[in-house]
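Chemist: Show me the folded form of this:
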Amino acid sequence: MTDDVYGTNFTPHRCGHCKALAPAWKQLGEAFADNENVVIGDVDCTKEESLCQKYGVQGYPTLKYFTGATAATGDAYQGGRDFEALQTFASENLGPSCGAENIDLCNEEQTKTIKEKQALTPEALAAEIAELDAEMNKAGADLDELLKSLQAQYEEGKKKKDDTIAAISPKMGLLRSVQRAAASEAPKDEL
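Modeler: Modelled structure (predicted):
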């Protein structure tokens, strides 16, 4: 495993938001061009559809970064899209980080944990990873269920509102017509 970390922009190059991001992304690539540990990349999802699917790209542009500490599919960048925000994030977060490959960058607790995990059998290590993956997947599934529930509540509330408006509108129309008629029949004050 290398110490390289990657910042990647997944886009279909014809997307308007992607075109707006392009100058800042290009400038970021130029700023890190001489950095031996950071690679700023660009993936055209119209040409590399399977790669974009592999990394869970659903909207555009999707910015992800990959370090020893991120998920295999990378972590989504959620910050600003201007050069200054991108550069600040990259400077502070991309580069060698604590891990089995860079134990010298770890604090005492992290070093202890790494050594404990290195003592595990490959099967036990894989089981721990699978358990944590399952926990993260469950959190994602729980969020999806919550979203479905909220969507159902919203649709139920919207239907109730629409039904109420549909029932009241004819009555309201009649009342307003009576109000207008009464206003037009009222004596006018003359000057």
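
Chemist: Got phi/psi on C98?
Modeler: Phi and psi for C98, reported as degrees, to the nearest 10, are phi -60, psi 130.

Chemist: ok, and the closest non-adjacent residue to it?
Modeler: If the residues on either side of it in the chain are set aside, C98 comes closest to C106, at 3.9 Å by C-beta to C-beta, 6 or more residues apart in numbering. (Each C-beta comes from the backbone N, C-alpha and C, glycine too.)

Chemist: Run a quick neighbour tally on that neighbour.
Modeler: Taking other C-beta atoms under 10 Å as the criterion, the count of residues near C106 is 17.

Chemist: what does K188 give?
Modeler: By the criterion of other C-beta under 10 Å, K188 has 5 neighbours.

Chemist: Same check on L125?
Modeler: 13.

Chemist: surely it meets K117?
Modeler: Yes: with contacts defined as C-beta atoms under 8 Å, L125 counts as touching K117 at a distance of 6.4 Å.

Chemist: So which residues of the chain form helices?
Modeler: Ranges of helices within the chain are 16-31, 49-54, 83-93, 108-118, 122-185, based on DSSP state H.

Chemist: With G41 as the reference, measure out to the closest residue to L86 other than its chain neighbours.
Modeler: In space, L86 comes closest to L28 once its chain neighbours are excluded; the distance is 4.8 Å by C-beta to C-beta, 6+ apart. To G41, L28 is 11 Å away according to C-beta to C-beta, to the nearest Å.
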